[in-house]
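J.: Everything below, folded, please.
(one chain, ligands or ions: 1)
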Amino acid sequence: MTKRASIESTADAYLELLAARGVEYFFANSGTDFAPLIDAYARRLAQGQPVPRPMTIPHEVPAVGMAHGYAMVTGRPQVVMVHVIVGAGNAVGGIINAARSNVPILFSAGRNPLTEVGLHGSRNRPIHWAQESFDQGAMIREFVKWDYELRNFTQLETVVDRALALSQAEPQGPVYLTLPREVLAEKHEVFEYAATSRAPRPGAVAAAPETIAETARLLTAARNPIILTKAAGRDPLAVPALVKLAEALGAPVIDQFHTYTNFPQDHPLHAGFDAAPYLDDADCIVAVESDVLWFPALKAPRPETKIVQIAVDPLFARYPIRGFPADAALSGTVSLNLTALAEAVRQRADARAVGERRERWHAEHRRLREAWAAAARRVENDRPLDMLWVSKCVGDLVDERTILVDEYDFDPTQGCFRAPRTYFGSSPAGGLGWGMGAALGAKLAAPDKTVICCLGDGAYIFSAPTAAHFVSRAYNLPALFVIFNNRAWNAVKRAVRSHAPEGVAARTGQMPISDLEPAPDYELVCRASGGHAERVEDPAALPDALARALKVVRDEKRQALLNVICKKP
Ligand SMILES: Cc1ncc(C[n+]2csc(CCOP(=O)(O)OP(=O)(O)O)c2C)c(N)n1
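T.: Below is the predicted model of the structure:
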């Protein structure tokens with residue numbers, strides 16, 4: 001069916017089409033390039049015509065973070081639009097994060113007016129000369145799946161539908177569309193377009209039955225198989241499928257470097273977060289959506305250990321170098337392949353061997369959970385607070401109605417996530433500044449959930465906190481931000497210690513470029529946007545402070561922040 005809309009400009013048609021394609025939000029950080037769009041927005045809003053909701057995000061870092069957070073909770077791409085090359089420059093780190101997390105986003109930027117005179121929208125500000133680049137897509141091309149410049153009105157529908165379809169096709173990721181001002185400003189009266197996109201949308205893909213059977217043979221021949229996963233839970237259906245495989249095999253699942261809830265952490269086959277202690281004994285390692293299986297420079301499994309890699313793309317084709325071997329590899333839809341593999345394993349596995357393994361790993365699960373609880377108890381009275389204790393207090397609050405967004409310092413041993421899409425860790429690319437925006441995007445996507453965002457003090461500063469707190473208040477997106485404040489970039493200090501354990505820096509503790517003192521009163525930043533905020537220095541006071549803050553978030557629908565003073569490394 002064709003739709004026919006009365007419009008005034010290309011910008012108007014663009015908004016009409018985005019709304020028709022189900023884009024709900026337009027996370028924007030504007031500039032002179034937005035003039036035709038803002039004009040079109042004003043007209044459409046005044047006339048009650050459909051638009052993606054415009055959201056003013058006063059820094060690009062949380063703008064991209066919000067689209068990332070929204071997509072990781074819903075699976076649906078939203079639009080981020082920034083100001084020409086300079087806004088895109090600020091956004092690149094977030095786009096790299098989204099690319100490496102396979103998160104779909106329609107990222108866009110205005111394109112400086114191309115013409116000096118003669119067209120509606122031609123240059124009329126001094127920046128219009130210096131803000132043009134030879135190839136605007138080049139800055140980000142390596143980290144998007146596709147980039148294009150909208151050259152004229154006629155191709156608008158094809159371009160937008162192609163952009164949205166490409167970002168959602170697996171492996172998912174951001175795409176980049178540049179929008180020249182003159183093209184947006186072009187006058188048009190009628191826009192005809194197909195009611196629904198007819199761009200190809202490839203369906204789910206399963207490995208061939210013989211590949212599944214061959215892989216199942218490898219797994220059932222093993223005496224001590226283990227499973228590692230980092231991001232299986234990006235697809236919520238992969239979580240129950242992974243449970244089926246683990247149970248069919250009697251093998252443990254290790255949430256190594258995990259960025260999603262991949263496996264119920266109270267399941268007796270959950271074996272923690274570090275595979276290194278188990279590598280020596282494993283004779284078969286199944287890696288599910290894991291880009292890094294181990295560190296070859298530190299500890300590798302035995303050479304004869306069989307390796308199976310299961311991922312949308314087990315080659316991680318966008319990584320320049322990645323040498324982890326595979327004796328079998330299943331590409332395509334992870335939930336389908338796990339389900340098929342679980343069934344094939346169930347049919348051929350030796351029930352007695354599976355049962356014995358299961359008992360052994362159940363005991364290991366109990367041992368781990370007891371050790372983690374004991375570790376937290378040992379530091380519960382430490383002052384300044386130990387991050388393990390802070391994690392334990394936060395972890396105790398988590399239930400199925402909670403989403404935890406972790407950008408540094410929440411210790412995963414102190415939580416127990418069970419359901420898909422309840423825990424999100426930062427991108428494998430680790431570009432700092434993702435956390436606050438991702439938490440706000442998650443809250444937008446799941447308004448009924450309580451969103452808790454854990455951040456190092458370093459990560460907090462990278463998140464453009466004044467902008468993020470502004471957005472929380474402006475759009476009624478209450479979340480609890482917990483700052484693990486160690487007044488340092490400990491990740492950097494750790495790197496120095498492991499690089500040169502006997503070096504002067506490690507021996508004396510004098511490490512330039514890694515301290516964050518004098519530390520600001522971060523609680524004041526949150527209060528400046530109407531939030532509730534407290535500084536916590538007493539470990540015994542933390543549970544009550546968390547309860548007070550959560551009450552503000554849940555009952556008063558206001559944001560809250562706890563600045564928790566932790567041990568300085
Ligand atoms: C954009 C960006 N810049 C720098 C880094 C390098 N980096 C990784 S972790 C880290 C420190 C984070 O500090 P904080 O959040 O306080 O956590 P801590 O390491 O102290 O636990 C830095 C600077 C990065 N990952 N991303």
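
J.: For stretch 189-201, report the contacting residues that lie outside it.
T.: Residues outside stretch 189-201 that contact it (CB atoms under 8 Å, 6 or more residues apart in numbering): 1-8, 12-13, 16-17, 20-21, 156-157, 161-162, 164-165, 168-169. (Each C-beta comes from the backbone N, C-alpha and C, glycine too.)

J.: Can you measure across it, start residue to end residue?
T.: Counting by CA to CA, to the nearest Å, the length from the leading to the trailing residue of stretch 189-201 is 31 Å.

J.: Buried residues of that stretch, list them for me.
T.: Within stretch 189-201, the residues scored as buried using 16 or more other CB atoms under 10 Å are 191, 193, 197, 199.

J.: Tell me the spacing between residue 419 and the ligand.
T.: With the distance defined as CB to the nearest ligand atom, to the nearest Å, residue 419 ends up 27 Å from the ligand.

J.: got the contact list for that residue?
T.: For residue 419, the contact set (CB under 8 Å, 6+ apart) comprises 239, 261, 264, 400.

J.: Tell me which of those residues fall in helices.
T.: residue 239 (DSSP state H).

J.: picking up where we left off before, could you dump the buried residues of stretch 189-201 into JSON lines with secondary structure added?
T.: Putting the buried residues of stretch 189-201 into JSON lines (DSSP: H, G, I helix; E, B strand; the rest coil) gives the following:
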{"residue": "191", "secondary structure": "strand"}
{"residue": "193", "secondary structure": "strand"}
{"residue": "197", "secondary structure": "coil"}
{"residue": "199", "secondary structure": "coil"}
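
J.: Name the nearest of those residues relative to the ligand.
T.: residue 199 (33.8 Å; CB to the nearest ligand atom).

J.: Need phi/psi at the closest one.
T.: When read as degrees, to the nearest 10, the backbone of residue 199 gives phi -70, psi 140.

J.: Model confidence score at it, please.
T.: Listed pLDDT for residue 199 reads 98.

J.: Identify the nearest residue to the closest residue to the ligand within the stretch 301-450 of the chain in space, disregarding sequence-adjacent positions?
T.: Evaluated by CB to the nearest ligand atom, the stretch 301-450 of the chain has residue 432 as its residue closest to the ligand, separated by 3.7 Å. With sequence-adjacent residues excluded and distances taken as CB to CB, 6 or more residues apart in numbering, residue 432 is closest to residue 462, at 3.8 Å.

J.: Repeat that for residue 368.
T.: In space, residue 368 is closest to residue 272, 4.9 Å off (CB to CB, 6+ apart).

J.: dump the residue contacts of the one you found.
T.: Under the criterion of CB under 8 Å, 6+ apart, the contact list for residue 272 reads 254, 255, 368, 413.

J.: got a list of what the first one touches?
T.: Translated: residue 254. Contacts were defined as CB under 8 Å, 6+ apart; by that measure residue 254 touches 226, 227, 228, 229, 271, 272, 273, 274, 275, 278.

J.: My read is that the third one contacts residue 251, right?
T.: No - under the contact definition of CB atoms under 8 Å, residue 228 does not touch residue 251, with a separation of 10.4 Å.

J.: shared neighbours, the two?
T.: With contacts defined as CB under 8 Å, 6+ apart, the residues shared by residue 228 and residue 251 are residue 286.

J.: So for the residue of the chain found nearest the ligand, what's the nearest residue that isn't a sequence neighbour?
T.: Of the residues in the chain, the one nearest the ligand is residue 456, at a distance of 2.0 Å by CB to the nearest ligand atom. For residue 456, the nearest residue in space outside its immediate sequence neighbours is residue 408; the separation is 3.8 Å by CB to CB, 6+ apart.

J.: Near the one you found, how many other residues are there?
T.: Residues contacting residue 408 under the criterion other CB atoms under 10 Å number 24.

J.: Please flag which of the contacts of residue 254 sit within strands.
T.: Under the assignment DSSP state E, these contribute 226, 227, 228, 229 to strands.

J.: Ranking by neighbours, what's the top pick from the contacts of residue 419?
T.: Highest neighbour count within those: residue 261, with 24 neighbours (other CB under 10 Å).

J.: Identify the residues contacting it.
T.: The neighbourhood of residue 261, defined by CB under 8 Å, 6+ apart, consists of 233, 239, 417, 418, 419, 420, 421, 422, 423.

J.: Which one's more surrounded, residue 228 and residue 251?
T.: Under the criterion of other CB under 10 Å, the comparison of residue 228 against residue 251 puts residue 228 first, with 29 against 26.

J.: who does the more buried one bridge with?
T.: With DSSP bridges as the criterion, residue 228 is bridged to residue 254, residue 287.

J.: quick one, phi psi at residue 320?
T.: Summarising the backbone geometry of residue 320 under the convention degrees, to the nearest 10, its torsions are phi -60, psi -50.

J.: Could you give the number of residues near it?
T.: The local packing count at residue 320 equals 7, with neighbours defined by other CB under 10 Å.

J.: Take the buried residues of stretch 189-201 and write them to TSV, including distance to the ligand.
T.: Conversion of these to TSV gives the following (distance: CB to the nearest ligand atom, whole Å):
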residue	distance to the ligand
191	40
193	39
197	35
199	34
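
J.: which SS state does the residue lying farthest from the centre of the chain fall under?
T.: Residue farthest from the centre of the chain, counting by CA atoms, centre = their mean, is residue 118 at 44.1 Å. Local secondary structure at residue 118 is given as coil here, using three-state DSSP.

J.: same thing with residue 3?
T.: If you use three-state DSSP, then residue 3 falls in the strand class.

J.: where does the closest residue to it other than its chain neighbours land on pLDDT?
T.: The shortest distance from residue 3 to any residue that is not its chain neighbour, by CB to CB, 6+ apart, is 5.2 Å, and that residue is residue 195. Taken from the predicted model, the pLDDT recorded for residue 195 is 97.

J.: quick one, phi/psi of residue 195?
T.: Dihedral angles (degrees, to the nearest 10) for residue 195: phi -60, psi -40.

J.: what residues does this protein put near the ligand?
T.: Proximity of the chain to the ligand is assessed by CB under 6 Å from any ligand atom, with 93, 408-409, 430-432, 456-459, 462, 486, 488-492 identified as the residues in range.

J.: Drop anything exposed from the residues you listed.
T.: Among these, the ones that count as buried by 16+ other CB under 10 Å are 93, 408-409, 431-432, 456-459, 462, 486, 488-491.

J.: For the closest residue to residue 355 other than its chain neighbours, list the residues it contacts.
T.: In space, residue 355 comes closest to residue 250 once its chain neighbours are excluded; the distance is 6.7 Å by CB to CB, 6+ apart. For residue 250, the residues meeting the contact criterion (CB under 8 Å, 6+ apart) are 269, 349, 353, 354, 355, 356, 357, 358, 361.

J.: same deal with residue 471?
T.: With CB under 8 Å, 6+ apart, residue 471 has these contacts: 55, 56, 57, 58, 62, 66, 440, 477.

J.: follow-up on the earlier one: for the residue nearest to residue 456, report the pLDDT, please.
T.: Confidence for residue 408, expressed as pLDDT, is 92.

J.: again with residue 250
T.: Model confidence at residue 250, expressed as pLDDT, equals 98.

J.: Now for residue 230, how many residues are close by?
T.: Look at residue 230: counted by other CB under 10 Å, it has 24 neighbours.

J.: doesn't residue 291 make contact with it?
T.: Yes - the pair residue 230 and residue 291 qualifies as a contact (CB under 8 Å) at a distance of 6.5 Å.
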